[in-house]
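Show me the folded form of this:
(chains A and B)
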Protein chains: 2
Amino acid sequence: MVTRGGRRRVTIADVASRAQVSTTAVSKVLRDAYGVSPAMKERVRAAIEELGYRPHAAARAMRGRTFTVGVMLPHLRNPFFADIVDGLTDELSGTGYQAILVQGGSTQKAEKAAMDALVDRQVDGILLVAPLLARARLEEVARQVPVVVLGRHERSPHFDAVFDDDETGAELVVNHLIELGHRRIAHITHQDNSTARPGDLLHVIRADTYRRVMREHGLEDEIAVATTYYSEEGGYDGAQELLRRPSRPTAIFAGADQAAFGVLAAAHDAGLSVPGDLSVAGYDNTKLAALPNISLTSIDQPGVVMGGTAGRLLRERIEGRTTAVRFSVGPSLIVRRSTAAPADLPEA
Amino acid sequence: MVTRGGRRRVTIADVASRAQVSTTAVSKVLRDAYGVSPAMKERVRAAIEELGYRPHAAARAMRGRTFTVGVMLPHLRNPFFADIVDGLTDELSGTGYQAILVQGGSTQKAEKAAMDALVDRQVDGILLVAPLLARARLEEVARQVPVVVLGRHERSPHFDAVFDDDETGAELVVNHLIELGHRRIAHITHQDNSTARPGDLLHVIRADTYRRVMREHGLEDEIAVATTYYSEEGGYDGAQELLRRPSRPTAIFAGADQAAFGVLAAAHDAGLSVPGDLSVAGYDNTKLAALPNISLTSIDQPGVVMGGTAGRLLRERIEGRTTAVRFSVGPSLIVRRSTAAPADLPEA
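Okay, the predicted model is just below:
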């Protein structure tokens, strides 16, 4: 029986047993050989589908490792993802492992195709960055190949999780704005079509924490959330929506720096000065947030450390570890010039 | 004989003939089978090395296409690369092709490993974005699998080239600055360890064009080039070096937006206002250049069009085209608030 790290992999014998046919028959169906009845084909294919058997995985096991790890990123536009890949690449350098990347895209269908492409390319392990698919689907992949998930919070016995403590990070931002004297603090969150449990998604945690901290300070009536996207366009649209509201916010906490850049653009186009008329804060502490012209208050998540840790956990799993590990990093608040006390606050 | 699109691929028979052994002997060496003498192994391996034979390529040919195209990017930090990948992905959508990406890195050794990883993953075609390796090495890859090179200007009978007319782009920027009244115009270029012919590299073309246009306007004594990197840090360091010179430039043309962002930061830290004390221009017209706080004058290269064209050319090669194609796009100047007449210019 082929096993990887003690975790049992679906074999051709399992397929034969489920389909109640011989292993020779299964292998004939796989080869599309002559003399297989349509009914037999149907039965074997149903068993393959049911068990999640992949001929390539078996071929890989026979040939040994490919010394490749696959990385799925939602897209290539967030510099935070580049930090993650740099950390992973550093960790893998000198080990003979090469990282190959796929773009997961914005739909579950595209994400599934991207993940399948990695499995079919016979990678030895997969790092999934902020995937959309439900935990059960990630676990199906994790049964075929070692998996580490970065940026989601769930507990699974089948894969490792690396994430930032998003609750603490969001608390730091909202408390900072409240301490500056802001009450009308709005939030921009991200809309995806994920089927994950909402509480496992980083943007849901950030938005829920914003609401909780606002309530804890008696500011429940000031809660204002725009649901757009963690992108420049999303931030721009979200800010436009929030700034049109009758009681205009004096501060906007965007759930990601990319969105905060869009908020800065919208403020400029609305003739509002930052931080004079509007304080703006982001999340991720991307390199651009530190540019003097931007100088964006943000939450630092150590992306390089997270990517490096993900690489180490993947290698441990490839070497045989089967118990699941969860690794959480602590975020920190970086205060820059985009946040200040609201203009209408009486001077102390 | 296995051929792809009329271009002859190295076969096991070629290896046998070169090594002066039987094809059975070659296949034994490949399988590491019992009963092969060390001398025989040595001879066959030398022939494999010499001819560039790859067992995987043959295996692919037997199995047919993998419906995967490989993309090599130098790194993930330039948003222009994301435009290229978006164009490619759009072009491939609905065709069944999936793109997998590798990071080429900053050394030729890392780039070679990344390219080999793509070939070993049995991709049907490869898009190389701004590679470092010499043309001969790219052609070796192109003999195994269809290749399109984006961002280099060379003519090769073995691969297609997609590039922006960097000479026209650089001319547009330097002429714009001269027309504004600048004379002390400096340039920041990129240092790599490429073994390509310098005239085929985009950053060399941009720098050479800067020098030529300066000379054509009688400004040869004002030529000042800082050689750092097309990155934020590179732009910062290059600007610091240029701004320390006795005759401080009144305008800096950075060869890439990423470097121009670093110039903006260095100007701020030196207490210089943009464009009051210093005009700054970039190249690539990345999304961030358009942010109101940045508002960077830049050269627009249609990255999405270039990536889409590269995808189409790859598919044509996979379908059998063997004549080489060169596709050049025309750049355009986008003037924003980071460039203006120099302060010491008498008003008209």
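
so who does residue A:270 touch?
The contact partners of residue A:270, by Cβ atoms under 8 Å, 6 or more residues apart in numbering or on different chains, come to A:240, A:243. Glycine gets a C-beta too; all of them are placed from N, C-alpha and C.

how close does it get to residue A:240?
From residue A:270 over to residue A:240 the distance is 8 Å, taken as Cβ to Cβ, to the nearest Å.

Surely residue A:175 and residue A:214 touch.
No. In terms of Cβ atoms under 8 Å, residue A:175 does not count as a neighbour of residue A:214; the distance is 10.6 Å.

what residues does chain A put near chain B?
Contact residues of chain A with respect to chain B, defined by Cβ under 8 Å from any Cβ of the partner chain, are listed as A:66, A:68, A:75-77, A:79, A:81-82, A:85, A:89, A:98-103, A:105, A:113-114, A:117-118, A:120-122, A:232, A:261, A:264-265, A:268-269, A:287-288, A:290-294.

just checking, residue A:101 touches residue A:74?
No. Distance between residue A:101 and residue A:74: 11.4 Å, which falls outside the contact criterion (Cβ under 8 Å).

Can you read off the pLDDT for the nearest residue to residue A:78 once chain neighbours are set aside?
Closest residue to residue A:78 in three dimensions, ignoring its sequence neighbours and counting by Cβ to Cβ, 6 or more residues apart in numbering or on different chains: residue A:258, at 5.8 Å. According to the model's per-residue confidence, residue A:258 sits at a pLDDT of 92.

tally of neighbours for residue A:258?
For residue A:258, the number of neighbouring residues by other Cβ atoms under 10 Å in any protein chain shown comes to 27.

Mind giving me the packing neighbours of the helix or strand that contains it?
Here residue A:258 sits within helix A:257-269, counting by DSSP states H and E. Helices and strands in packing contact with helix A:257-269 are listed as strand A:185-190, helix A:232-244, strand A:251-254, strand A:279-281; criterion 3 or more Cβ pairs under 8 Å, 6 or more residues apart in numbering or on different chains; DSSP states H and E.

between the ones you listed, which gets nearest to residue B:306?
The closest of those to residue B:306 is helix A:232-244. By Cβ to Cβ, the value is 21.2 Å.

and the angle from the closest one to strand A:185-190?
Direction vectors for helix A:232-244 and strand A:185-190, defined by axes from the mean of the first three to the mean of the last three Cα atoms, to 10 degrees, enclose an angle of 150 degrees.

Return helix A:232-244 as CSV; C-alpha atoms alone will do.
Taking only C-alpha atoms (Å, rounded to 0.1, in the frame of the first residue of the first chain), the coordinates of helix A:232-244 have been written out as CSV:
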residue,chain,number,x,y,z
GLU,A,232,-7.5,49.9,-5.1
GLU,A,233,-10.8,50.1,-7.0
GLY,A,234,-12.6,48.5,-4.1
GLY,A,235,-11.2,51.0,-1.6
TYR,A,236,-12.1,53.9,-3.9
ASP,A,237,-15.7,52.7,-4.4
GLY,A,238,-16.1,51.9,-0.7
ALA,A,239,-14.8,55.4,0.4
GLN,A,240,-17.1,57.1,-2.1
GLU,A,241,-20.0,55.3,-0.7
LEU,A,242,-19.0,56.1,2.9
LEU,A,243,-18.2,59.7,2.2
ARG,A,244,-21.7,60.3,0.7
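
doesn't residue A:240 make contact with residue A:263?
No. Taking Cβ under 8 Å as the definition, residue A:263 is not a contact partner of residue A:240, at 9.4 Å.

re the thing from before, is it possible to get TSV of the helices and strands packed on helix A:257-269 that adds mean neighbour count and mean pLDDT?
Formatted as TSV, the helices and strands packed on helix A:257-269 follow (neighbours: other Cβ atoms under 10 Å in any protein chain shown; pLDDT from 0 to 100):
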stretch	mean neighbour count	mean pLDDT
strand A:185-190	27	98
helix A:232-244	21	96
strand A:251-254	31	98
strand A:279-281	29	98
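
For residue A:224, which of these is the nearest?
Relative to residue A:224, the nearest member of those by Cβ to Cβ is strand A:185-190, separated by 4.1 Å.

Following the chain past the closest one, name the next helix or strand.
Using DSSP H and E, the helix or strand that follows strand A:185-190 in sequence is helix A:202-216.

Against which helices or strands is that next one packed?
helix A:166-179, strand A:185-190, strand A:224-228.

Quick one: residues in contact with the last one.
Applying Cβ under 8 Å, 6+ apart, the contact partners of strand A:224-228 are A:184, A:186-191, A:207, A:210-211, A:234-235, A:237-239, A:241-242, A:245, A:249, A:259.

what distance separates the start and the end of stretch A:18-36?
Separation of the first and last residues of stretch A:18-36 by Cα to Cα, to the nearest Å is 17 Å.

which of the residues in it are buried?
A:18-19, A:21, A:25-26, A:28-30, A:36 (16 or more other Cβ atoms under 10 Å in any protein chain shown).

what about chain A, any weak spots by pLDDT?
Where chain A drops to pLDDT under 70, the residues are A:1-9, A:30-34, A:52, A:54-64, A:344-348.

ok, which stretches of it are helices?
According to DSSP state H, chain A carries its helices in the segments A:12-19, A:23-31, A:38-51, A:55-63, A:79-92, A:108-120, A:135-144, A:166-179, A:202-216, A:232-244, A:257-269, A:303-318.

Counting neighbours, which bits of the first one end up buried?
Put plainly, it is helix A:12-19. Along helix A:12-19, these residues count as buried under the neighbour rule (16+ other Cβ under 10 Å): A:12, A:14-16, A:18-19.

That helix relative to helix A:38-51, how many degrees between them?
Between helix A:12-19 and helix A:38-51, the angle formed by their directions is 110 degrees, by the same axes, to 10 degrees.

so what secondary structure elements neighbour helix A:12-19?
Here helix A:12-19 is seen to pack against helix A:23-31, helix A:38-51 when contacts are counted using 3+ Cβ pairs under 8 Å, 6+ apart.

Try it again at 10 Å.
With contacts defined as 3 or more Cβ pairs under 10 Å, 6 or more residues apart in numbering or on different chains; DSSP states H and E, helix A:12-19 has these neighbours: helix A:23-31, helix A:38-51, helix A:55-63.

returning to that earlier point: so for residue A:101 and residue A:74, which residues contact both of them?
A:81, A:114, A:129 (Cβ atoms under 10 Å, 6 or more residues apart in numbering or on different chains).

Now tabulate those in a markdown table and tack on distance to residue A:195 and neighbour count.
What follows is those, written out as a markdown table (distance: Cβ to Cβ, whole Å; neighbours: other Cβ atoms under 10 Å in any protein chain shown):
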| residue | distance to residue A:195 | neighbour count |
| --- | --- | --- |
| A:81 | 22 | 25 |
| A:114 | 16 | 23 |
| A:129 | 17 | 26 |
